[in-house]
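Peer 1: here is my input; please provide its structure:
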Amino acid sequence: MRLALFQPDIPQNTGTLLRLGACLDLPLDIIEPCGFIFNEKAMRRAGMDYLNMVNYRRHNSWQDFLTYRTEHPEEYGRIVLLTTHASQPYTQFEFKPNDIILMGRESAGVPPEVHAIADARLLIPMNAHARSINVAVSAVMVVGEALRQTDLFPKS
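Peer 2: Numbers count the residues shown, from 1 in each chain. Okay, the predicted model is just below:
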């Protein structure tokens with residue numbers, strides 16, 4: 001199981017998700033460009049003091065990410081996009097151990113070509129009058145369900 005962040009805009013959300021990865025032994029992929037300077041100093045400013053514990057990989061572009069995914073099929077399986085433009089609730093999806101849960105940009109989601117390549121598109125059912133849930137909170141909800149289904153939570 002992996003979590004991928006597509007061109008994240010907000011360093012605090014990225015820091016939160018890197019910390020989640022550190023705590024749950026969940027690898028992360030950061031697909032650049034980011035909407036902020038991504039370096040150790042910026043992540044520490046965002047409250048990220050777990051950077052040395054997290055397994056993360058930076059990709060220079062969406063294409064670089066796709067190439068890397070193709071070269072590492074044992075680690076990189078289906079792309080499962082979390083989006084408000086989906087009809088299938090994440091609670092009705094069967095996750096697999098090598099799925100990649102892909103989160104879009106906080107400001108714009110993902111472009112149509114990313115939607116088109118996703119193997120699955122999932123949503124979090126919510127109040128019809130609300131726009132969206134914070135990207136970090138959304139990721140935590142879906143990652144929790146995916147880890148529960150696949151029994152991949154770290155063993156104490």
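
Peer 1: where does this protein dip in pLDDT?
Peer 2: By pLDDT under 70, the low-scoring segments of the chain are 42-49.

Peer 1: how about the helix of greatest length in it: buried residues?
Peer 2: Longest helix in the chain, counting residues (DSSP state H): helix 135-150. By 16 or more other C-beta atoms under 10 Å, the buried positions in helix 135-150 come out as 135-136, 138-140, 142-143, 145-147, 149. Bear in mind the C-beta positions are built from the backbone N, C-alpha and C, glycine included.

Peer 1: now the nearest residue to residue 36 once chain neighbours are set aside. Its backbone dihedrals?
Peer 2: Among residues not flanking residue 36 along the chain, residue 11 sits closest, at 4.6 Å (C-beta to C-beta, 6 or more residues apart in numbering). Main-chain torsions, residue 11, degrees, to the nearest 10: phi -60, psi -30.

Peer 1: neighbours around residue 11, how many?
Peer 2: 19 (other C-beta atoms under 10 Å).

Peer 1: ok, it touching residue 41?
Peer 2: No - Residue 11 is beyond contact range of residue 41, at 10.5 Å (criterion: C-beta atoms under 8 Å).

Peer 1: picking up where we left off before, and which of the buried residues of helix 135-150 is nearest residue 107?
Peer 2: Nearest to residue 107, judged by C-beta to C-beta, of the buried residues of helix 135-150 is residue 135 at 9.9 Å.

Peer 1: how close does the closest one get to residue 58?
Peer 2: Distance, residue 135 to residue 58, by C-beta to C-beta, to the nearest Å: 18 Å.

Peer 1: from residue 156, how far off is the residue nearest to residue 36?
Peer 2: For residue 11, the distance to residue 156 equals 30 Å [C-beta to C-beta].

Peer 1: what do you get for residue 51?
Peer 2: Distance of residue 51 to residue 156, given as C-beta to C-beta: 23 Å.

Peer 1: could you do residue 83 as well?
Peer 2: Using C-beta to C-beta, one gets 33 Å for the distance from residue 83 to residue 156.

Peer 1: which parts of the protein are helices?
Peer 2: Using DSSP H, helices in the chain cover 11-24, 40-45, 62-71, 112-117, 135-150.
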